[in-house]
Structures are given as structure tokens and as C-alpha cells.
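> got a structure for you, letters missing:
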């Protein structure tokens, strides 16, 4: 694994942390005061900072640091997370996300903006933060009796006190110069109880190094507490048994002391207690500062009830434990722990077994989620698709050759069919992801646009955990951003107008997602003014979209906004209204196999409803025959199927024919003719009509020759090896191994309106 | 394996020769992925005449070109004896329907003669040279020109 891969993992984690950060802040914004939420937010920033530091991403580190400092004030209840504070924090989260992106992809960030936010954050941290010491928790009485010896952890690096009585050297390198000005006794003193958990070691942290860093802050004395050290045969070489009590005198302040443990904070119990200046701690009076007390073997001996020789082994094991902790790879850990402890205590079989057990547990606990390359999942999905097709082919040929139909092969095949279906579902589930990340991005969009337009907007999201295929999620962000912009920019009124209209000054944009009959339905609603139909109509007339005397229903007028080159905002703003508006949205939703609808109530707002397929890999279709060819019509498009009666068919003009269905007339479209499969129109009475609903709400009756059945098909791209074919959405492979084409219902319907299929496709290609 | 070994040694290249009607053509063997028997293709709407349709190649949708029609000759009437040469240019895979594969040739670059100076569409678009092998004339075809135009080119 090279550095870039590790970096890539870091950025992936950053994304998760940023999502966590934002959702946490939003929860706080909604009035959640759970300390765990604050902690989660803090942790997210902290982790980003930590990782960024490791990769030398200084911009990111410095911003994260300021952010973290302010968050720490919130965490320690020094700063009340009011709406104003959270606004700054949410903006900071945005900048942090920008910085992360820049660090990954290059480019530049808005320096002025991040500097401004740094200032705001600092002001928040300073302005309202009470003096550091006063807010501290009282010293916990947990500081257990100091036990002699910093054995395994401290001893290897501390200056060794030998038997010849060499004077212990105080460890205050940094303070050498200042010693003259201040005597150590005048410096603020802190009592620190540091109890590492075993996670600290598994993450490659090292108590010795932390203590050494601490010693650079000032004069200190260390006591190692070995109370919890179990007898050797019960000892787990990977567990942490020692804790340390440190008394330090430093002028660097408590923050400096805490910052030593910055990256270990989550994996240890840490108590820092400020002592009154001049007060000498208990340990100070007993011991010389910074004197590692020699390892008192007899004490250990008595306590542990062990022969002296064993203690040495024990030390070794403790050392092994450290080495083990430093090695991060879980598999290595198993081997190292096992072999090392075997060498150290070969007669202690139990310890070895325990070590192995423990390491295995550790590795299994870490493997709950895995990151998998998307390509691999896709390959799996493709292969499963093949499997489904192959299985169908096999079934079909068995059925053809097995006339009685009750052989054991048939039974086996049925089971195989169920299994393949199950495998397919499970594989599809791998790709399914909650829409939450997209929704969170929308929160940012809303904030930004609200800022620019000077409107006050609240985004309410529902059903963020609704799952849908990753491809759908990826392609959803763009149209959704566009729609949100429109909703805030055009949909919502200014606060003044809202108040005048008797509404809350703060506008609400609501984004919901839910599953409905095998599709995901995403609704975007606002409580704004709704669509101004008069204006839309006038605009459409001005732009020659409709005739001046056209008689349109409200719904039809609403749907005009999906036309290309349509924008109703009087002034063209930066955000929306450049003419590339809802038509682009509509096209991207259609490209996803989805539909979009709008309903609007003047004065009460508009609701956009998008219905999208859960996956782009399979489709439920009706298999039909047209002019000897097998076609698949997406089931979602079909409203009903009917056998036309000769009396119901009416000629209309030269070539048009209408079919009357329950007293309404619906144009009849011969699919075979549109696709050029036959030269003349087929006789409708001999075929079957599929009543389909297309975009824009219009209904058409598609004429096909016969219906073969209904089945789920795997979508295959035509574009990969060929090209886009007008009227055809994609291809699939049927049970007989032949390729069948999937009909693009909307294209066929619009072709029936007189637009040529060819024209339509070249426009799409150009756009 | 021996073919591959030969290639870099003498600077030669290998070609697959095939027959359409009474003419012989060849393409670079490096572009050929496999050769398979004819299976009925699913016709595509609005497709050029030379495009017979698409078939299922182990799960991928493979367009089949009637090379005879593509080269401006009489459209083929596919039978079970016809073969499909599956070729790849860049990422696109296309099957070429021909009557039969006749030979695998190892030639040197200098064996390729330039096409005679004629003004036919065929010569300008598809032919990249001619080879004289044992008294036969074999025409080297430019595969990329044979492939159906992509959407971007058409627009």
C-alpha cells in the first residue's frame, strides 16, 4: 500500500467525518443538547485534523484546529451553541469540506472566506470563554496510590538511574532559559492521571512517548500504578494494565498539557487537575521531581506472589505487548503476540492461548465494515446478471426437452432460480445506499443560497435513510441542487413579503424520500408563493412555446416550466434563471428512468415529485411482440393493457387513429411503424393496446402484436458497442439468449406527436 | 504462442484473411478477439442497412455488421456456414459477418502494396493496402472505418 492509497483512504474517511460533522451540527441546530452529539462533532473535526496533520496538509490542519478549539468550548459548556454560533459552525463545516476537496483534487479555496471564519471562530472561542481553569472538573479521587516504577513503558526511554546513585536529571529542556526568571515552585502545577486503554496501543500510540512529550513542558514526577496488573497466568499481553500519575509544573497552561494527549484522548482515561499555585502536591513532597523510581522487585514479588525470575519474563511480556501494540496489522498481531509470548514464557501456555484469542477477537471486531472498490461490486453485479440469464436459458431448454415436466432436473432448476434471484437481490443490496449524503449536501446548498438571496430558510429532511442504488444517488445530486436553488430563489418569497402574507418569515423547504411500489419517490416542497400561472403563461406566449389563445389546464401550465429556455424570474440572478433550468432537471431525471411532476397551490407553495427506479441494473418489463420482434416495455410506463374493439377505433385525419377508452379518446401509436419494423400500419384489432403515460401526463395507446409475459430483465447498454438508438432505451438478454430491445416509451410517444425520432436524438446528443 | 513470438522478431505482422463472395480481405489479428458461428441477430430500428442487428456475446450486446454490405457489395444472406469475426477497436467491440476465415498470414510491412490510385469510395474509406500471396490478392481493411459511426460523430 503506497502513500497515495493511504491518502485516498484518509479522504474517504474525511467525507464520512464531514457528513458526521454536518449532521451533528444540524442536530444541535434543532435543539439537541446531547453531550454525545457535541462529542461526535468534535471527534469528526479532530479526526480530520489528525489525519491532515499526518499528510502535512497545513491549511486543513490550521483551520481544523481553530474550529476544534471553538468546538471544545462548546463541549466544555463554555460556549452556548446558539443559532448564531451554529451558523458560523455550519459555514465552517462547509469551508472544511472545501479545504478537504482542495487538498484532494487541487484548486483553490476562498481564502477570504476561511480567514473570516477563522476570525469568527476565534472570537467565539475567546469572547465567551471563561478563564481556562475555572471550568474544569474537580480532581477525581481516582488518583490511586502511586506505585513504584514506570517499568516497561517509561524505563526504556527515561534516563536510567543506576545503582551508583546517579542524580536524576530534570526533564525541562524547553524551560532551560526561563529557569532564572521563575523558580519552578511558582509555576502552576497540574496533577495528571493517565490511564491508557488497550486501544491506545493498538492504534500505535505509545505511553512512553506521551510521557516524554509531557516532560518537555516542565518539571514533573511520574508514578506508575500497577494495581491492576494480574498474575502472569491471567495476563493478556495486549491489554493495558498500567496507569500513571504525573505531577507537573509548567507555565504552558492546561491546554498545553492536554494537547500532549491530543491524539490519545479517546483511548485513555485522562484527568488533568490544576493545583493552586505554589501548592505542593503529595507526590512532590515525597519524591524528587522527575525521578523514575527504581523498579522495586520485592514489592512486586509480594504482591503478585510470583518467583523473582518470572517477573523478568513478565517485563518481557509487557515489552512485547508494547511492540505488539505498535504493529497495526491485526494478522501480524496474532503471530507476533503468539510467538513472542511463547518465547518469553514458554511454560505459560495459558497466556499464549489468551493472547491468540484476544488478537483474534480484536481482528474480528475490526472487520465489521469493509471498503470495496466499486468496480468489483459492479463486476459482481454483471456476473450475477449473466447467471440470471444463463439460468433462464437453461430452464427454458430443459422445459422444451422435458415433456412431462416433473423430472428432478426441473425441481433442481426451480431451486436454482430462487437462489439466483436471492443472489441477485443481495448483490443489488450491496450497491444500495441511503440518500442521506445527497440530502446533506442540499443542506449546504440551502444555506448558501439563503445567504445570497437574503432569505431565511429552513430545510427539513425526511427519510434520509431510504436506500437506493449508488448510481442513482450520484446522479441525483445535480438535478436536486438545481431544484433546491429554484425553490429558494424563485419559490420562497422575501421575508417582508412572507410576513405581509401572514406567513412565518422563515421559509421552509422540505425534502423527503420514501419507497413506493419498487421505486424511490423524492419530494421537494416549499411553502412559498407557488407558481404564478399568469406569469408562466405570458412567458410561454412570449417565448412562442404556446399559442396566445391556447387553452391550458393548470397542470399543463405548471408543467411548462420544464420547457427548455424557460425562466420566470424577472431578474436573472446568479443562482438560477439563466434559462438552463427545469428542462435540464427534467432531462437528467428522465435519463435516470425517472419521472418528475409538479403541483402548485398559489400562495401555499409548490411540490416537485420525482419517482426514480431503485436500480439502474434491472427493470420490470412487459415482453411483447412487434412485427416478429421481441421488445420489452418498462412496466412502470404502462397504465393498462386492452384488447381494442373494432368499434372503438376511429380514424382521425389521414393517418391518425384514435381509440376510445371509457368515453375519452386517446391517440393510437403503432410501435412497429414508429420503429420502422413494418411499412404499413398494422390492424389494431389484431393486436393489443398498451395504455402508457408519458412525461407531461399525456396518454397514448401503443399498439403491439401480442403480449408474451412479464419479467424482470437485466439492462444492457447499447451505447457501449453501438450507439444510441432513437426510441430504444437499452437492450436486454432474454431466456433464449437473444437480445431484446427495451422500448423508450417517452421517445416513442413524442415521436408520435410528430417530432421525428432522429431529430430528438441529435438534439439530445448535442445537448 | 509461436505467432506472438514471431512478431517482434522479424518486424512482421499477422493478419487474418477471410472471404466475402469471391474476394479476400484481411484485418490485423491483434484486433480480433474471437471467431464464432452465426447466430440470428436482433434487428435494430433506424439502423443502416449493413447493420444486421445485435447478438448476445456472453452478456454483452454485440452489434453485427454485414461486411459485404458495409463495403458496398451485395448484402449477405447469412447461413449457418457464415462466421462472425469479433473485433475490437479501442473499447468498442463489433462483430463482422463474413463467409469464411481462410488463412492466418504472417507478413512484413513491405509486403503491403499501396492501393491502386482509384477514386472509388471503397478504396478511399476502407482499403489500407493490398497483398499478393501465392497468386491471390488480399485487401487489408481499416477496421475503424468499418465500425458504425458513434453518436458524437453523427451529431
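The structure has been received and is ready for your questions. Everything quoted here is computed from the prediction, not taken from an experiment.
> Count the residues that sit near the closest residue to residue A:432 other than its chain neighbours.
Spatial nearest neighbour of residue A:432, chain neighbours left out: residue A:467 (4.1 Å); criterion: Cβ to Cβ, 6 or more residues apart in numbering or on different chains. Using the backbone N, CA and C atoms, a C-beta is placed for each residue, glycine as well. A count of nearby residues for residue A:467, using other Cβ atoms under 10 Å in any protein chain shown, gives 17.
> do the same with residue B:112
Neighbours of residue B:112 under the rule other Cβ under 10 Å: 17.
> Can you tell me which residues in chain B are near chain A?
Listed as neighbours of chain A in chain B under the rule Cβ under 8 Å from any Cβ of the partner chain: B:39-47, B:53-56, B:58-63, B:91-94, B:148-152, B:154-155.
> Pull out the buried residues from the host helix or strand of residue A:90.
Per DSSP states H and E, residue A:90 falls inside helix A:83-105. Neighbour counts over helix A:83-105 (16 or more other Cβ atoms under 10 Å in any protein chain shown) mark A:85-86, A:88-101, A:103-104 as buried.
> ok, now stretch A:394-403?
Within stretch A:394-403, the residues scored as buried using 16+ other Cβ under 10 Å are residue A:395.
> again, but for stretch A:441-457
Neighbour counts over stretch A:441-457 (16+ other Cβ under 10 Å) mark A:441-447, A:449-450, A:453, A:455, A:457 as buried.
> That one - what's its average pLDDT?
Mean pLDDT, stretch A:441-457: 85.
> before we move on, what about stretch A:269-281?
Regarding stretch A:269-281, the rounded mean pLDDT is 64.
> And the pLDDT for residue 92?
Unless you meant another one, I'm taking chain A. Looking at residue A:92, its pLDDT stands at 85.
> Sorry, I should have been clearer: chain B.
pLDDT, residue B:92: 88.
> swap in the one 5 residues further on?
At residue B:97 the predicted local confidence, pLDDT, stands at 93.
> so who does it touch?
For residue B:97, the contacting residues are B:38, B:52, B:64-68, B:76, B:78, B:82-84, by Cβ atoms under 8 Å, 6 or more residues apart in numbering or on different chains.
> any idea which of the residues you listed is closest to residue A:523?
Using Cβ to Cβ, residue B:64 comes nearest to residue A:523 of these, at 45.2 Å.
> Within range of chain B, give me the residues from chain A.
Residues of chain A lying near chain B (Cβ under 8 Å from any Cβ): A:382, A:385-386, A:389, A:629-630, A:675-677, A:716-728, A:731, A:733, A:737-741, A:757-758, A:761-762, A:765-766.
> Out of these, which sit inside strands?
Taking DSSP state E as the definition of strands, the residues of chain A next to chain B contribute A:629-630, A:728, A:731, A:733, A:739-741.
> Please determine how far residue B:32 is located from residue A:737.
23 Å (Cβ to Cβ, to the nearest Å).
> neighbour-wise, which of those two wins?
The residue with more neighbours, out of residue B:32 and residue A:737, is residue B:32; 20 against 16, by other Cβ under 10 Å.
> Does the more buried one touch residue B:86 like I think?
Yes - at 7.0 Å, residue B:32 and residue B:86 qualify as touching, with contact defined as Cβ atoms under 8 Å.
> Now whatever residue of the stretch 551-700 of chain A ends up closest to chain B. Nearest residue, chain neighbours left out?
Nearest residue of the stretch 551-700 of chain A to chain B (Cβ to the nearest Cβ) works out as residue A:675 at 3.6 Å. Leaving aside its chain neighbours, residue A:675 sits nearest to residue B:45 (3.6 Å; criterion: Cβ to Cβ, 6+ apart).
> and the one you found, how far is that from residue A:728?
In terms of Cβ to Cβ, residue B:45 sits 7 Å off from residue A:728.
> List the residues that are in contact with both of these two.
A:675, A:741.
> in chain B, which spans are helices?
Using DSSP state H, the helices found in chain B span residues B:2-10, B:67-70, B:121-125, B:143-146, B:151-154.
> Worst mean pLDDT among those helices?
Least confident of those, judged by mean pLDDT, is helix B:151-154 with a mean of 41.
> And the helices in the stretch 1-150 of chain A?
Remark: helices assigned in the stretch 1-150 of chain A by DSSP state H, counting those that start in this stretch are A:3-29, A:35-54, A:58-75, A:83-105, A:111-127.
> how about the last one: buried residues?
Neighbour counts over helix A:111-127 (16+ other Cβ under 10 Å) mark A:114, A:117-118, A:120-121, A:124-125 as buried.
> Is it correct that residue A:245 is in contact with residue A:211?
No - taking contacts as Cβ under 8 Å, residue A:245 lies outside contact range of residue A:211: 11.2 Å.
> Now the buried members of the residues of chain A next to chain B.
Among these, those classed as buried by 16+ other Cβ under 10 Å are A:382, A:385, A:389, A:629-630, A:675, A:677, A:716, A:718, A:721-728, A:731, A:733, A:737-741, A:757, A:761-762.
> Spell out, range by range, the strands that occur in the stretch 101-250 of chain A.
Taking DSSP state E, counting those that start in this stretch as the test, the strands found in the stretch 101-250 of chain A are A:189-196, A:219-225, A:243-249.
> Over to chain B?
Taking DSSP E to define them, one finds strands in chain B at B:13-20, B:23-28, B:32-37, B:51-57, B:60-66, B:83-89, B:92-98, B:100-107, B:127-133, B:136-141.
> Provide the contact partners of the third one at residue level.
When you say that, I think you mean strand B:32-37. Applying Cβ under 8 Å, 6+ apart, the external contacts of strand B:32-37 come out as B:16, B:57, B:80, B:82-88, B:93, B:95, B:101.
> export the buried residues of stretch A:441-457 to CSV and tack on secondary structure?
Listed next are those as CSV, based on DSSP: H, G, I helix; E, B strand; the rest coil:
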residue, secondary structure
A:441, helix
A:442, helix
A:443, helix
A:444, helix
A:445, helix
A:446, helix
A:447, helix
A:449, helix
A:450, helix
A:453, helix
A:455, coil
A:457, strand
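> Centre of the chain to stretch A:520-528, how far?
Offset of stretch A:520-528 from its chain centre (Cα atoms, centre = their mean, to the nearest Å): 22 Å.
> In that stretch, which residues are buried?
For stretch A:520-528, by 16+ other Cβ under 10 Å, it's A:520-528.
> In those, find the pair that's most separated.
Most distant of the buried residues of stretch A:520-528, by Cβ to Cβ, are A:520 and A:528, 24.7 Å apart.
> Could you report the neighbour count for residue A:82?
A count of neighbours around residue A:82, defined by other Cβ under 10 Å, yields 12.
> Give me the ChimeraX select line for the contacts of strand B:32-37, limited to the buried ones.
Buried residues among the contacts of strand B:32-37 (16+ other Cβ under 10 Å), as a ChimeraX selection:
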select /B:16,57,82,83,84,85,86,87,88,93,95
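> Select, from the contacts of strand B:32-37, the two members most distant in space.
Greatest spacing in the contacts of strand B:32-37, by Cβ to Cβ: B:80 and B:88 (24.7 Å).
> Alright, I will stop here.
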